[in-house]
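>>> below are the sequence and a predicted model for it; my questions follow.
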Amino acid sequence: MDFFAAGSRPTLRASSDYFTGTVWQDPIVEAPAPARVRALRVAFDPGARTAWHTHPLGQTLHVLSGAGLFGLRNAPPRVIRAGDTIWIPPGEEHWHGAGPTTGMVHLAIQEAVDGKAADWLEQVSDADYARPPA
């Protein structure tokens with residue numbers, strides 16, 4: 001068993017290689033093999049977002065606070081709010097982040113294959129981000 005006391009692991013600023021704007025990540029779990037689950041608490045400042053990406057085994061997002069946006073390729077983004085849960089199937093290209101004027105915090109849960117939980121693509125363009133929500 002592993003026990004991680006609250007505040008015992010540092011909050012990390014997310015890499016600008018995979019995120020636009022200011023994003024903070026708090027690790028929840030990165031289970032050792034043979035388990036594959038990984039989970040993070042991710043806090044997005046207004047306007048911040050992920051790059052386009054996929055997950056080899058899918059991803060679950062649960063919005064903890066605030067309001068943000070979730071986007072799929074070739075579709076307008078969708079508004080997401082505290083209490084919403086999203087399942088993203090394996091291989092589906094998507095992005096997620098805060099709204100233009102609101103911060104958003106979500107729990108991100110995914111599994112890793114050969115130590116890799118995401119395949120990162122290009123940054124989300126300002127035009128894609130600013131597209132009117134569905």
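Done, it's in.

>>> any idea how far the helix or strand encompassing Asp128 is from the middle of the chain?
Assigned by DSSP states H and E, Asp128 belongs to helix 126-130. Chain-centre distance of helix 126-130: 17 Å, with C-alpha atoms, centre = their mean, to the nearest Å.

>>> the lengthiest strand in the chain: which residues count as buried?
Longest strand of the chain, by residue count under DSSP state E: strand 59-72. The neighbour-count check on strand 59-72 (16 or more other C-beta atoms under 10 Å) flags Gln59, Thr60, Leu61, His62, Val63, Gly66, Ala67, Gly68, Leu69, Phe70, Gly71 as buried. For the C-beta atoms, the positions are set from N, CA and C on the backbone; glycine is no exception.

>>> nearest to Ala98 among the residues you listed?
Comparing the buried residues of strand 59-72 against Ala98 with C-beta to C-beta places Gly68 closest, at 4.7 Å.

>>> so the closest one bridges to which residues?
Beta bridges link Gly68 to Ile80, Ala98 when assigned by DSSP bridges.

>>> so which elements touch the helix holding Asp128?
Where contact means 3 or more C-beta pairs under 8 Å, 6 or more residues apart in numbering; DSSP states H and E, helix 126-130 is packed against strand 59-72.

>>> re the thing from before, buried residues in the helix holding Asp128, which are they?
Of the residues in helix 126-130, Asp128, Tyr129 count as buried by neighbour count, 16+ other C-beta under 10 Å.
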